[in-house]
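**Student:** Need a 3D model of the following:
(3 chains)
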Amino acid sequence: MKRAFPILAVLTAGFLGYAGYQALFVAPTDQMQGDVYRIIYYHVPSAWTSFVFFFTNFVASIVYLVRRNPKADAIAVSAAELGVVFCTIVLVTGPIWARPVWGIWWTWDWRLTSTLVMWLIYVSYLVLRRFSTGGQAPVLAAVLAVIGALDIPLVYFSIWFFRTQHPQPVIGEGGSVDPRMLHVWLINWAAFLCLGGLVFWARYRVETMQQEVDETEALESLLQPGGSR
Amino acid sequence: MNKAPNITAATLVKDIRLEWRSKDAINAMLFFSLLVVVIFSFAFDPRAEESRQIVGGLVWVAFLFAAVVALNQTWARELRNQVLDAYRVSPAPANSIFLAKALGNFLFVVILEGLMTPLFVVFYNLRALGPVWQMVPVAALGTWALVVNGTFFSAMSLRTRSREIMLPLLLFPISIPALLAMVRATSAVLTGEESTSFWIALLVAYDVVFTIVSLFLFETVLQAE
Amino acid sequence: MNTHYLYAAYIATWAIHSGYIFTVVRRYQRVRRKLRELNKHA
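**Tutor:** Residues are numbered from 1 along each chain as shown, chains lettered A, B, ... in the order given. This is a model prediction of the structure:
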């Protein structure tokens, strides 16, 4: 398993290079926005990827609450971190795109606003994990993950309704989607999923190793001559 | 005496009695809200027509921060006297104490809102152009949304560092749909420009979902502390 | 001239990915060292 990692890393890098080439040179230029619109090939696939990871965190958290399997908890925290990374990219590339197109950095458009709230929810999840004392942090985090995941659809829906009544400039696709653009979109999404999956795997391994360390240390302190602290 | 409603009622009455004697939470909440009213008054001219657009948001910011004051001390008393430990080993259902705490907080925040609303009307020269009676369901549903999640997250924050920071950190993002609905509905009532029906429906849905989820998961949180 | 923003977005993306990967690598090294120490004692 460990030997596969470098090979997969090289393959992923190659795939990402190919996807980037497609995004920058092969995809047709937008008539109105010029080349700046190509940010979309990083912005949108990152959003889709973060959804995949947050959904993984949701499922893993439910499994953990039902079975208390530490591997499920490792999956949950790794998926949440990867999701936050990709979500951060969405929130950073969005304003960088909006500035030349709309003249302002932030427009409170419904997609970006909802994504910001989603980012806040999962950052609070990671903060809860970091700040929890005692061994029950995974349980509390899993509960928060379930509540957060149930909240996300409400967040998107409520903000969407608000913005259809009070529209703001929209960051995102404007107009019909050229089939060649969809093709490049999907290639970039697949490449980012590979990158995300690989880093997720590494993070998962680190987490399971850390669990082993914690368990060993706990056992050792129990077996010390002075007894447990 | 093990029946759930009895326990809920008993805990609720105890909390109300304790709060009535000390008035700790209510005083702190009132002071906080007054402070917010004064500070925001520097930001805009209450006589202007535009003020109606933003007062909806101001009011709920004030109530939200005041509610956090009440929510932060929800479980402090129980923690000090090891009541939670006793509760964990008793056969009483966990939901009883959760419901009692949530209802107590709801009562305190509603009382605060009742006291602050006349002050808001006076200080900001409020005159609603829409149907004022609709503020009753909006305030009730909105306050319950904040309180049910707030009581739940307050319990979750008990064993964390920086407990007082953890509660708003968890509560605010999750409450966004409810906060949006409260603010938009209040603005709708003040300006009379739109209908509150969608926002009230959203608040009902939000309250139903999160009340059920909180009741379902509270046992897990209680046992995990 | 708008391509400045395009480059900024792509560079920001890779900076964020690199930053996170770096933290994962660092945690991995630390955990592996810890595990080796613990296994030596056992």
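**Student:** Which SSE is immediately downstream of the helix or strand that contains residue B:119?
**Tutor:** Element membership of residue B:119, judged by DSSP states H and E, is helix B:94-123. From helix B:94-123 onward toward the C-terminus, using DSSP H and E, the following helix or strand is helix B:135-156.
**Student:** all helices for chain C, in order.
**Tutor:** Using DSSP state H, the helices of chain C run over C:3-41.
**Student:** can you list the residues of it near chain A?
**Tutor:** C:2-3, C:5-6, C:8-10, C:12-13, C:16-17, C:20-21, C:24-25, C:27-28, C:31-32, C:34-35, C:38, C:41-42 (CB under 8 Å from any CB of the partner chain). C-beta coordinates here come from the backbone N, C-alpha and C atoms, glycine included.
**Student:** picking that back up, so for the helix holding residue B:119, what's the average pLDDT?
**Tutor:** For helix B:94-123, the mean pLDDT works out to 91.
**Student:** Same question for stretch B:162-176.
**Tutor:** Computed over stretch B:162-176, the average pLDDT equals 93.
**Student:** quick one: contacts for residue B:192?
**Tutor:** With contacts defined as CB atoms under 8 Å, 6 or more residues apart in numbering or on different chains, the neighbours of residue B:192 are B:128, B:129, B:130.
**Student:** most neighbours, which of these?
**Tutor:** Among these, residue B:130 has the most neighbours (other CB atoms under 10 Å in any protein chain shown), with 20 neighbours.
**Student:** residue boundaries of the helices in chain A?
**Tutor:** Under DSSP H, chain A gives helices at A:4-21, A:40-67, A:70-102, A:110-131, A:137-165, A:179-223.
**Student:** ditto for chain B
**Tutor:** B:4-22, B:24-41, B:51-72, B:76-80, B:83-89, B:94-123, B:135-156, B:163-191, B:197-224.
**Student:** which stretch among those helices comes nearest chain C?
**Tutor:** helix B:163-191 (20.8 Å; CB to the nearest CB).
**Student:** pLDDT score assigned to the residue nearest to residue B:44 when sequence neighbours are not counted?
**Tutor:** Excluding the flanking residues, the one nearest residue B:44 by CB to CB, 6 or more residues apart in numbering or on different chains is residue B:51, at 5.6 Å. Residue B:51 is assigned a predicted lDDT (pLDDT) of 77.
**Student:** Adding mean pLDDT and distance to residue B:47, write the helices of chain A out as CSV.
**Tutor:** Shown next, in CSV, are the helices of chain A (pLDDT from 0 to 100; distance: least, CB to CB, whole Å):
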stretch, mean pLDDT, distance to residue B:47
helix A:4-21, 90, 57
helix A:40-67, 96, 44
helix A:70-102, 95, 33
helix A:110-131, 94, 31
helix A:137-165, 94, 27
helix A:179-223, 91, 52
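**Student:** got a list of contacts for stretch A:48-65?
**Tutor:** A:69, A:72-73, A:75-76, A:79-80, A:82-87, A:90, A:118, A:122, A:125, A:138-139, A:141-143, A:145-146, A:149, A:152, A:189, A:192-193, A:196, A:200, B:220.
**Student:** Now, of the residues you listed, which are buried?
**Tutor:** A:72-73, A:75-76, A:79-80, A:82-87, A:90, A:118, A:122, A:125, A:138-139, A:141-143, A:145-146, A:149, A:152, A:189, A:192-193, A:196, A:200, B:220 (16 or more other CB atoms under 10 Å in any protein chain shown).
**Student:** and chain C, which of those residues reach it?
**Tutor:** With CB under 8 Å from any CB as the criterion, those include residue A:85 near chain C.
**Student:** Is stretch B:166-174 in proximity to chain A?
**Tutor:** Yes - residues of stretch B:166-174 contacting chain A under CB under 8 Å from any CB: B:166, B:169, B:170, B:172, B:173, B:174.
**Student:** So which of those residues is the closest to residue A:39?
**Tutor:** Minimum distance to residue A:39 across these is 26.1 Å, recorded for residue B:173 (CB to CB).
**Student:** how about the nearest residue to that closest one, chain neighbours excluded?
**Tutor:** Here the residue nearest residue B:173, using CB to CB, 6+ apart, is residue A:120, at 3.9 Å.
**Student:** Roughly how far does that neighbour sit from residue A:84?
**Tutor:** To residue A:84, residue A:120 is 10 Å away according to CB to CB, to the nearest Å.
**Student:** Equivalent analysis for residue B:39, please.
**Tutor:** Counting by CB to CB, the gap from residue B:39 to residue A:84 is 33 Å.
**Student:** Same check on residue C:16?
**Tutor:** Relative to residue A:84, residue C:16 is positioned 10 Å away (CB to CB).
**Student:** Residues of chain A that sit close to chain C?
**Tutor:** A:20, A:33-36, A:38-39, A:42-43, A:46, A:81, A:85, A:88-89, A:92-93, A:96-97, A:99-100, A:195, A:199, A:202-203, A:205-206, A:209-210, A:212-213, A:216-217, A:220.
**Student:** change it to 6 Å
**Tutor:** A:34-36, A:38-39, A:42, A:85, A:88-89, A:92-93, A:96, A:100, A:199, A:202-203, A:206, A:209-210, A:213, A:216 (CB under 6 Å from any CB of the partner chain).
**Student:** Separate out the buried members of those residues.
**Tutor:** A:36, A:38-39, A:42, A:85, A:88-89, A:92-93, A:96, A:100, A:199, A:202-203, A:206, A:209-210, A:213, A:216.
**Student:** Now residue A:129. Nearest residue, chain neighbours left out?
**Tutor:** residue A:141 (4.9 Å).
**Student:** Ok, residue A:143 next?
**Tutor:** Leaving out its chain neighbours, the residue that sits closest to residue A:143 by CB to CB, 6+ apart is residue B:217, at 5.2 Å.
**Student:** got it, and residue A:213?
**Tutor:** Nearest to residue A:213 is residue C:34, by CB to CB, 6+ apart, at 5.0 Å.
**Student:** So that neighbour versus chain B, what's the distance?
**Tutor:** 23 Å (CB to the nearest CB, to the nearest Å).
**Student:** For that residue, the count of nearby residues, please.
**Tutor:** Quick note: residue C:34 (other CB under 10 Å) scores 17 neighbours.
**Student:** give the contact list for the most centrally placed residue in chain A.
**Tutor:** Centroid-nearest residue in chain A, with CA atoms, centre = their mean: residue A:83, separated by 1.7 Å. If you count contacts by CB atoms under 6 Å, 6 or more residues apart in numbering or on different chains, residue A:83 has them with A:50, A:53, A:54, A:122.
**Student:** try 10 Å
**Tutor:** The contact partners of residue A:83, taken as CB atoms under 10 Å, 6 or more residues apart in numbering or on different chains, are A:49-57, A:118-119, A:122, A:125-126, A:196, A:200.
**Student:** The closest residue to it other than its chain neighbours - how many residues pack around it?
**Tutor:** Distances taken as CB to CB, 6+ apart place residue A:53 nearest to residue A:83, at 3.5 Å, with adjacent residues excluded. Neighbour count of residue A:53, defined by other CB under 10 Å: 24.
**Student:** Likewise for the one 10 residues further on?
**Tutor:** Under the neighbour criterion other CB under 10 Å, residue A:63 is assigned a count of 17.
**Student:** same deal with the one 3 residues further on?
**Tutor:** A count of nearby residues for residue A:66, using other CB under 10 Å, gives 10.
**Student:** That one reaches residue A:139, doesn't it?
**Tutor:** No - using CB atoms under 10 Å, residue A:66 is not in contact with residue A:139; the gap is 11.5 Å.
**Student:** I'd like to check which residues are in contact with the closest residue to residue A:95 other than its chain neighbours.
**Tutor:** In space, residue A:95 comes closest to residue A:105 once its chain neighbours are excluded; the distance is 4.3 Å by CB to CB, 6+ apart. Contacts for residue A:105 (CB under 10 Å, 6+ apart) come out as A:94, A:95, A:96, A:97, A:98, A:99.
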